[in-house]
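> What would the 3D arrangement of this be:
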Amino acid sequence: MDIRQIAYEDTWDIRHKVMWPNEHFSFVKLPEDPKGVHYGLFVENILTSIVSVFITGSEAQFRKFATLDTQQGKGYGTALIHYMIDQLTAKGIERVWCNARANKTDFYNRFGMTKTDETYVKGGIHFVVMENTEIAVK
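Predicted structure coming up:
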């Protein structure tokens, strides 16, 4: 297993396959992708899990976190999130947040993330904003 920074274009295939397979491929491309930091987890040189991070001041939003369906439940996503948090902590980030699918909030709780009151629906999927404001303390 190897985790490293990747080009934003390298995230698109997994984003599409895992998150929005019924949408057009362009749906997973974000206008702000060039401004983000993108990490990939590789298993035997195969990109398996991805996350994109967008930093503004002392806050970081991570978006489009996904692991190939066939590789879920093996700890790869957990390893990638831990790596990302370590990288953000080293940069002095004080708040990390994400728009989590409502059915995935238990996963994010494991990383000290808590639900906020902000919710919305996109493409028929319910989301809740989750945050960790104690990241720099860890």
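
> Now residue 47, what are its backbone angles?
Main-chain dihedrals, residue 47, degrees, to the nearest 10: phi -60, psi 120.

> so who does it touch?
The contact partners of residue 47, taken as CB atoms under 8 Å, 6 or more residues apart in numbering, are 6, 10, 13-14, 40-41. Glycine gets a C-beta too; all of them are placed from N, C-alpha and C.

> out of those, which are buried?
6, 14, 40-41 (16 or more other CB atoms under 10 Å).

> Determine the longest helix present in the chain.
Using DSSP state H to define each element, the chain has its longest helix at helix 76-90.

> re the thing from before, redo the buried ones among the contacts of residue 47 as JSON lines? Include pLDDT, secondary structure and distance to residue 128.
Below are the buried ones among the contacts of residue 47 laid out as JSON lines (pLDDT from 0 to 100; DSSP: H, G, I helix; E, B strand; the rest coil; distance: CB to CB, whole Å):
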{"residue": "6", "pLDDT": "98", "secondary structure": "strand", "distance to residue 128": "27"}
{"residue": "14", "pLDDT": "97", "secondary structure": "helix", "distance to residue 128": "22"}
{"residue": "40", "pLDDT": "98", "secondary structure": "strand", "distance to residue 128": "26"}
{"residue": "41", "pLDDT": "98", "secondary structure": "strand", "distance to residue 128": "25"}
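
> so which of these would you say is closest to residue 30?
residue 14 (13.9 Å; CB to CB).

> Residue 61 versus that closest one, what's the distance?
Using CB to CB, to the nearest Å, residue 14 is found at 19 Å from residue 61.

> all strands of the protein, in order?
2-6, 37-43, 46-56, 59-67, 95-101, 114-122, 125-132 (DSSP state E).

> Identify whichever of the ones you listed lies nearest to residue 26.
strand 59-67 (14.0 Å).
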